[in-house]
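Asker: Sequence and computational prediction follow.
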Amino acid sequence: MTERSANTRRQHSRQPSQWWAKTSVGLLGGLLLAYGVVTLFAWYGPGGLHDGAKVQFNMWMVTPIWLTVFSLSYLFDRAQTAAKVLGAANGMCWGLFIALRVMG
Amino acid sequence: MKIRSEIVRTYQAIHSWTGISTGLLLFICFFAGALTMFQSDIQRWADAGIHQVGGDAPTEVAELDALLRQTIRQHQDSMDSISVALQGEGPLLSWHQGRPELGSATELHYASLNDGEVEYYAAHSNQLAKLIDELHRTAGIAGELGHEHLGVYVMGVAAIAYFLALVSGVIFLLPTLARSFLALRHNKGRFRFLLDTHNLVGVVSLPFHIIIAFTVVVFAFHDQFYAGLSAVYDDRPLFEHGQPDAAPYAIEQLPPLTEFIAVAGQQMPDYQLHGIHFSGLGTLRPSARLELVNNDRMMINPVGDILMLHPFTLQVTYSTNPTGAEGIWGRVVSSFFSLHFGSYGGEWTRWVYFILGLGGAYLFYSGNLLWLEKRRQQKKSSPRVLSNMTALTLGVCYGCMAGIASAMVIGRLWPLLPGTDGSQINAVYIGSYYLVFAGCVLWAFWRRAARAVVELKRFCAATFAAIALVSWSAGLLPVGVLAQISSGSGWVLELLALAFAVVLLLSANHTRRSNQFAYCWRQAKLSGG
């Protein structure tokens, strides 16, 4: 890492707006991704959509995925990177779901 | 393990701010939560002051069955909500009308057998254990939002921050974890010891805390999460509600209790059936809730696992421990509840959860003190802010403990006052808790932390000692009163209260010598307080 890039990074992490940006990206992106994963699992995971108490299990799974993604999203250097990565993950997840729905 | 220093700093900041903003609320929830592990002991202790519940256990189920039918015939109001106890001491049947409001006087009705004679009596509900549980769920924040307590939502948000605090705490501790994990450096100053114990308790009980944080978020926001799920599900409703009956069943059609016991044995053979709760017997949606206990299982709540039946057709409508391949989802969900409530493994788990709960309270208390010390050393906050925050921390933490203990003592002595009856008891609990809590907070601000800390610890110790004293002083009081307060209480509660008192007293003496909050003292002098 060069001296210069380290400095830029430090400046970025010191910008107050980065706090709010990272928090919003993690909070919303994480929640959307959690729903994406759970939705895929609900429709195409074992047991199908209405299997016993699976709806309860699915509801329970939203929180741990969401909070894990949220809390780890501060590992990204910049909010923009976090937004890109979470955006891509969400795109893949929801894209796959829509594709499967349209084909199925 | 190497983590870049900016990331570590980021997480350090997250840890500080999530911790300081939620620590005091979490302290209240954890202290009250630890006490809920002994809620049946606490309830027995409270009941002993007011009324005697007892009578003989029936020799056979048929006798209980006859009592149930006779009671429903003679007391039509019991059809709405009546409980049958199949295990344990206490009245055989109990019922009430409407939903018992927290803090208000609800009349409870009981039926028991005494030498073969049926005995009916009524008493005002004593909600001490329930109120402590409510404090645990809401941190004492009053008010409603929709059909849920406002405090539950506040704690849901706090639990999200608390989850962040846990993850960030681990991440910024990782680089130094191996070196200082088991180090308890008490010769390097009080705050080093505080930091070491904070880290040790945090790391050792991390799995417990992760479970608690995650379950609290779900408990608070499950309605919202289901609403989100229904948007991505198909058109079928998320939950199938059975059709109501075409016409209400007559009470004579109720199958004998032995058939309920048989269904329970069939569905959950390794469980003990503790009780059956019938509701809506005269209506189109009657139900029977069977409470079953097996300490070797992960049970959904402290009462046990639950099997819902249609009371007339005996059809199973719901089970918290469903069998078969399809039941796996329900069993996993039950285990989340179970991990939060510690409702597995019996007595051992109760103690472990009690200690983990107190450990959690210590985590938040020490976390706040560490934040204050760091801000002081780095001169980041004005002395006034530091002094006020110290006062708030001490006032809330000791106020919560003293408030609960005082409410117990005042509630126990209340019925002895002339002109009182049991109907005020729940309001007395709530009033005395908030009064003592607010009093402690004001005291901490008025006296300033340096003086208040010792006084609050001593006051707390006194209130806990009083719990044991009112139980054990029965011998010094007149005979009639003696019977009223000495019976029915176990020794666990008294010994625990006494242990709390001793620890607080020792801690008060230690704090007095160490002059821990001298900076607040100086501040107080400067501002002329």
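Answerer: Now that the structure is in, tell me what you want to look at. Numbers count the residues shown, from 1 in each chain, chains lettered A, B, ... in the order given.
Asker: Show me the shaky parts of chain A.
Answerer: Where chain A drops to pLDDT under 70, the residues are A:1-17.
Asker: Which stretches in it count as helices?
Answerer: Under the criterion DSSP state H, helices of chain A are mapped to A:3-14, A:16-24, A:30-44, A:54-72, A:79-103.
Asker: any chance of the ones you listed in a markdown table, with distance to chain B too?
Answerer: Placement of C-beta: from N, CA and C, glycine included. Formatted as a markdown table, those follow (distance: least, C-beta to the nearest C-beta, whole Å):
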| stretch | distance to chain B |
| --- | --- |
| helix A:3-14 | 5 |
| helix A:16-24 | 8 |
| helix A:30-44 | 4 |
| helix A:54-72 | 4 |
| helix A:79-103 | 8 |
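Asker: Turn those helices into a markdown table, including mean neighbour count and distance to residue B:247.
Answerer: Listed next are the helices of chain A as a markdown table, based on neighbours: other C-beta atoms under 10 Å in any protein chain shown; distance: least, C-beta to C-beta, whole Å:
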| stretch | mean neighbour count | distance to residue B:247 |
| --- | --- | --- |
| helix A:3-14 | 12 | 69 |
| helix A:16-24 | 15 | 56 |
| helix A:30-44 | 21 | 38 |
| helix A:54-72 | 22 | 31 |
| helix A:79-103 | 14 | 43 |
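Asker: Can you give me the domain boundaries for chain B?
Answerer: B:1-50+B:126-234+B:345-367, B:51-125, B:239-339, B:381-528 (the TED database).
Asker: quick one: contacts for the residue nearest the centre of chain A?
Answerer: Centrality entry for chain A: nearest residue to the mean C-alpha point is residue A:30, 3.3 Å, by C-alpha atoms, centre = their mean. Residue A:30 sits next to A:65-70, A:73, A:86 when contact means C-beta atoms under 8 Å, 6 or more residues apart in numbering or on different chains.
Asker: nearest to residue B:494, of those?
Answerer: Checking the contacts of residue A:30 against residue B:494 by C-beta to C-beta gives residue A:67 as the nearest, at 40.4 Å.
Asker: For the closest residue in space to the closest one that isn't next to it in sequence, which three-state class applies?
Answerer: Spatial nearest neighbour of residue A:67, excluding adjacent residues (C-beta to C-beta, 6 or more residues apart in numbering or on different chains): residue B:163 at 4.6 Å. Following DSSP: H, G, I helix; E, B strand; the rest coil, residue B:163 is assigned to helix.
Asker: What's the local residue count around residue B:163?
Answerer: Residues lying near residue B:163 (other C-beta atoms under 10 Å in any protein chain shown) number 25.
Asker: Wait, it touches residue B:217, no?
Answerer: Yes. Between residue B:163 and residue B:217 there is a contact at 7.2 Å, judged by C-beta atoms under 8 Å.
Asker: if I look at the two, which residues touch both of them?
Answerer: Shared contacts of residue B:163 and residue B:217 (C-beta under 8 Å, 6+ apart): residue A:67.
Asker: Which one, of the helices of chain A, ends up nearest to residue B:17?
Answerer: Nearest to residue B:17 among those is helix A:16-24; the distance by C-beta to C-beta comes to 9.5 Å.
Asker: Need the residues that contact that closest one.
Answerer: A:12, A:73-74, A:76, A:78-80, A:82-83.
Asker: ok, which stretches of the stretch 51-200 of chain B are strands?
Answerer: Along the stretch 51-200 of chain B, counting by DSSP state E, counting those that start in this stretch, strands occupy B:81-85, B:93-95, B:107-114, B:117-124, B:144-145, B:148-149.
Asker: okay, those strands, which one's buried deepest?
Answerer: Greatest average neighbour count among these goes to strand B:93-95 (a mean of 22), per mean count of other C-beta atoms under 10 Å in any protein chain shown.
Asker: Quickly run through the sheet partners of it, with directions.
Answerer: Strand B:93-95 pairs in its sheet with strand B:81-85 (antiparallel), strand B:107-114 (antiparallel), by DSSP bridges.
Asker: Quickly, which of those bottoms out on average pLDDT?
Answerer: For the strands paired with strand B:93-95, mean pLDDT drops lowest on strand B:107-114, to a mean of 84.
Asker: Quick check: next helix or strand after the helix or strand harbouring residue B:291?
Answerer: Assigning secondary structure by DSSP states H and E places residue B:291 in strand B:287-293. Counting by DSSP H and E, the next helix or strand C-terminal to strand B:287-293 is strand B:305-309.
Asker: what sits up against that following strand?
Answerer: With C-beta under 8 Å, 6+ apart as the test, strand B:305-309 has contacts from B:260, B:263-264, B:267-268, B:271, B:287-294, B:297, B:299-300, B:315-321, B:334.
Asker: Could you list the paired strands of the helix or strand just after that strand along with their orientation?
Answerer: Proceeding N to C from strand B:305-309, the next assigned helix or strand is strand B:316-319, under DSSP H and E. Strand B:316-319 sits in its sheet next to strand B:305-309 (antiparallel), going by DSSP bridges.
Asker: any idea of the angle the partner strand forms with strand B:287-293?
Answerer: Orientation of strand B:305-309 against strand B:287-293 (axes from the mean of the first three to the mean of the last three C-alpha atoms, to 10 degrees) gives an angle of 150 degrees.
Asker: Strand B:305-309: how far from the chain's middle?
Answerer: Relative to its chain's centre, strand B:305-309 lies at 23 Å (C-alpha atoms, centre = their mean, to the nearest Å).
Asker: Please identify the buried residues of it?
Answerer: Residues of strand B:305-309 classed as buried: B:305-309 (neighbour count, 16 or more other C-beta atoms under 10 Å in any protein chain shown).
Asker: quick one on the thing from earlier: which of the contacts of strand B:305-309 are buried? Put it as a ChimeraX command.
Answerer: Here is the ChimeraX command that picks out the buried ones among the contacts of strand B:305-309, judged by 16+ other C-beta under 10 Å:
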select /B:260,263,264,267,268,271,287,288,289,290,291,292,293,294,297,299,300,319,320,321,334
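Asker: Which positions in chain B make contact with chain A?
Answerer: Within chain B, the positions adjacent to chain A are B:6-7, B:9-11, B:14, B:160, B:163-164, B:167-168, B:213-214, B:217-218, B:221-222, B:225-226, B:228-229, B:232-234, B:236, B:238-239, B:322, B:326-330, B:332-333, B:336 by C-beta under 8 Å from any C-beta of the partner chain.
Asker: Mind doing that once more with 7 Å?
Answerer: Within chain B, the positions near chain A by C-beta under 7 Å from any C-beta of the partner chain are B:6-7, B:10-11, B:14, B:160, B:163-164, B:167, B:214, B:217-218, B:222, B:225-226, B:228-229, B:232-234, B:236, B:238, B:322, B:326-327, B:329-330, B:332-333, B:336.
Asker: Roughly how far does residue B:261 sit from residue B:246?
Answerer: As judged by C-beta to C-beta, to the nearest Å, residue B:261 and residue B:246 stand 28 Å apart.
Asker: Skipping adjacent residues, who's closest to residue B:317 in space?
Answerer: Leaving aside its chain neighbours, residue B:317 sits nearest to residue B:308 (4.6 Å; criterion: C-beta to C-beta, 6+ apart).
Asker: wait, what's in contact with residue B:65?
Answerer: Contacts for residue B:65 (C-beta atoms under 7 Å, 6 or more residues apart in numbering or on different chains) come out as B:256-257.
Asker: Looking at it now. What's its pLDDT?
Answerer: 90.
Asker: Below-threshold pLDDT in the stretch 51-200 of chain B: ranges please.
Answerer: B:51-59, B:89, B:180-190.
Asker: Now do the helices in it.
Answerer: Secondary structure of the stretch 51-200 of chain B (DSSP state H, counting those that start in this stretch): helices at B:61-74, B:128-138, B:150-180, B:190-204.
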